[in-house]
Structure formats: C-alpha cells, structure tokens
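Chemist: the amino acid sequence is not available; the structure is as follows:
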C-alpha cells in the first residue's frame, strides 16, 4: 500500500493527496527531528508524500525552491514555536529534555 494508490482510491492524485503532501512532506523537511517518527508511525502517508514528490517534477521543484527560500522555517509565529517546543521536550524520551513520567 505504501507504493501505490491515492488517499481516496482514485487513479490519480487529488486535492486530498496534494494537501497531505503539503502538510507532512513540509513538516518532515522543516523539522527533521520529526522525519523518522512520521515514517515510523505513518509509513503509508509518508510513502505517498515521497511518491508524489518523486513522480511530479512540479512538486519536486516547489520543494527545492521552498527549501532554498525558507530553509527550515515551517509556518512561523506561535504555531511553529509550539511545534518545536513539543519536539524539543517530547514525552517519548527521544527529545532533548524528555519529561518525567507523571506520578499519582
């Protein structure tokens, strides 16, 4: 399933597929610490993102231009800071400062 098909079962990519690529491929590129967990926990979605970018010269070019222009900036402002804070302080023990388990 990771290597064929589209989200809505269509023969060609739809807005749903492109929207998925725009969100998750961008997040994986801009916040590299999330790339491995995204691929581990949603391999079908990330496989779709990889396939769309590989098979579409337009998407591949867009990704290259965005990386050149914006670097690892994701969305800016408080939302980006919040996402980066969660990643930096992840509760799965893989963040820079893993939170201690809650006690009752």
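Modeler: Ah, there it is. Note that this is a predicted model, so its numbers are computed, not measured.
Chemist: which SS state does residue 12 fall under?
Modeler: coil (DSSP: H, G, I helix; E, B strand; the rest coil).
Chemist: what sits against it?
Modeler: Neighbouring residues of residue 12 by Cβ atoms under 8 Å, 6 or more residues apart in numbering: residue 6. Heads up, the C-betas are built off the backbone N, CA and C, glycines and all.
Chemist: could you pull up phi and psi at it?
Modeler: Backbone torsions of residue 12, given as degrees, to the nearest 10, read phi -130, psi 160.
Chemist: i'd like the first residue to be 58 from this point on
Modeler: New numbering, starting at 58: the last item is residue 69.
Chemist: which strands and helices sit next to the longest helix anywhere in the chain?
Modeler: Identified as the longest helix of the chain according to DSSP state H is helix 72-87. Under the contact criterion of 3 or more Cβ pairs under 8 Å, 6 or more residues apart in numbering; DSSP states H and E, helix 72-87 touches helix 92-98, helix 100-112, helix 114-127.
Chemist: quick one: mean pLDDT over the shortest one.
Modeler: Right, the one you point to is helix 92-98. Average pLDDT, helix 92-98: 93.
Chemist: and if you look at the longest one?
Modeler: Helix 114-127 shows a mean pLDDT of 95 in the predicted model.
Chemist: hmm, who's touching that helix?
Modeler: 75, 78, 82, 83, 86, 87, 109, 110, 111.
Chemist: pull the most distant pair out of these.
Modeler: 87 and 111 (18.9 Å; Cβ to Cβ).
Chemist: compare those two (neighbour count), which wins?
Modeler: Neighbour comparison, residue 87 and residue 111: the larger count goes to residue 87, with 20 against 10 (by other Cβ atoms under 10 Å).
Chemist: may I see the buried residues of the helix or strand bottoming out on mean pLDDT in the chain?
Modeler: When each helix and strand of the chain is scored by mean pLDDT, DSSP states H and E, helix 134-145 comes last, with a mean of 89. Of all the residues in helix 134-145, those buried under the rule 16 or more other Cβ atoms under 10 Å are 140, 141, 144.
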